[in-house]
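>>> I need the structure of the sequence given here:
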Amino acid sequence: MVDHVNGSGSGHSADAAPYWKGPVMLKGSQVPTTSTSRRLLEETDSPHWLHEDPWRVLRIQSEFVEGFGALAELGPAISVFGSARTPADDPEYALGVDVGKRLVEAGYAVITGGGPGIMEAANKGAMEAGGVSVGLGIELPFEQGVNEYVNLGINFRYFFARKTMFVKYAQGFIVLPGGFGTFDELFESLTLVQTHTVAHFPIVLVGSAYWQGLVDWLRDSVAATGKISPEDLDLVTVTDDLAEAIEVVSAQQPSR
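I've put the predicted structure just below:
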C-alpha cells in the first residue's frame, strides 16, 4: 500500500520512468500532474461533471472486470501490506522478503500493492520462492507501475477498485510497519471483519515494537470508552515471530 503524502516530481523528463494511466503509457510532457482518483473526487464545481461522470462509471466497471478476470483463478492468497518508503538495506525489507518466501512455502500466492519498499520485498520473496507474486498497482503522479518482482500485475486508476481486490482474493492479511496507506488498508479490513461484511479471517501485525502502541491505544482509549467492543481487539494478532504469523493465517480460513 502507498504511504506517500506528498510526491516529489511527476516524471516529465524524456528518460524518466513511464507513467501508466490505466493501460496507456505516457512520458515527458504527456504526464498528468494529478491522478484519475483525484480528478474524480475534485471535479464537482462545474456542470461538465454531469456529462463526464456517467462515462467514468464504465471505466470503473472495466477495472473491476479486469481485476476479477485476472485474479479469479489465483487460489489461496495472503495480502501483505507495509511501507513503500522502506529501503532495501533496512531489516524490515529483509523481513518482508522472508514473509513472501514463507507464504509461498505454505501454499499461498502473495498479493501486495506492487510498489517499492515492503511491497517489493514481499514480492521478491514470493518470486524467488517460485510462487505467484501479485502486484496491484495504482496510478499516482509520484509512484507508477509495479516492481520488478511481480509476475502477475494489474494497474488501477481507482483506489476503491484496487482495495476490493486486496480483500476479495485474500484469505488473510499480514501487515508490516507502514504509514497512512498501510493504516488505511488495516482499518478498512478490520471494519469489514468487525461488521461481518467479510467472513472472519486473520489480520496479523508483524513487529510488536511498531504496533504495540497502536494496540494499547485501541484497548485503553477506544475500547475503554466503548467505541469498540473489547472482543474486537481479538481481530488482530501482534507478533515478532514469522512462523507464528504464517500459522495464524493458515489456521483461520474463511468460508467464501
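>>> Quick check: which ranges of the protein have low pLDDT?
1-27, 29-30, 32, 34-53, 141-144, 252-256 (pLDDT under 70).
>>> in it, which spans are strands?
Along the chain, counting by DSSP state E, strands occupy 19-21, 24-26, 77-81, 109-112, 133-138, 152-156, 173-175, 203-206, 236-239.
>>> Point out the most buried one among these.
Most buried of the strands of the chain, by mean neighbour count (mean count of other C-beta atoms under 10 Å): strand 109-112, with a mean of 29. No exception for glycine: its C-beta is placed from N, CA and C like everyone else's.
>>> what distance separates that strand from the centre of its chain?
Here strand 109-112 is found 9 Å from its chain centre; the criterion is C-alpha atoms, centre = their mean, to the nearest Å.
>>> Parallel or antiparallel, list what pairs with that strand.
Here strand 109-112 has these sheet partners by DSSP bridges: strand 77-81 (parallel), strand 133-138 (parallel).
>>> Contacts made by it with the rest, please.
Applying C-beta atoms under 8 Å, 6 or more residues apart in numbering, the external contacts of strand 109-112 come out as 74-81, 99-100, 103-104, 118-120, 122-123, 125-126, 131-136, 150, 165-166, 169-170.
>>> which stretches of the stretch 151-256 of the chain form helices?
Along the stretch 151-256 of the chain, counting by DSSP state H, counting those that start in this stretch, helices occupy 159-168, 180-194, 208-217, 242-251.
>>> looking at those, which is buried most?
Buried most deeply of these, by mean count of other C-beta under 10 Å, is helix 159-168, with a mean of 19.
>>> Could you check the angle it makes with strand 133-138?
If you take axes from the mean of the first three to the mean of the last three C-alpha atoms, to 10 degrees, helix 159-168 sits at 160 degrees to strand 133-138.
>>> Show me which helix runs longest in this protein.
helix 49-71 (DSSP state H).
>>> other SSEs contacting it?
Using 3 or more C-beta pairs under 8 Å, 6 or more residues apart in numbering; DSSP states H and E, the elements in contact with helix 49-71 are strand 152-156, helix 159-168.
>>> Quick one: closest of those to residue 174.
Closest approach to residue 174 among those (C-beta to C-beta): helix 159-168, 12.0 Å.
>>> Output the helices and strands packed on helix 49-71 as a markdown table; include the columns distance to residue 236.
Putting the helices and strands packed on helix 49-71 into a markdown table (distance: least, C-beta to C-beta, whole Å) gives the following:
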| stretch | distance to residue 236 |
| --- | --- |
| strand 152-156 | 26 |
| helix 159-168 | 16 |
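>>> Which among these is found nearest to residue 240?
That would be, of these and by C-beta to C-beta, helix 159-168, which comes in at 24.0 Å.
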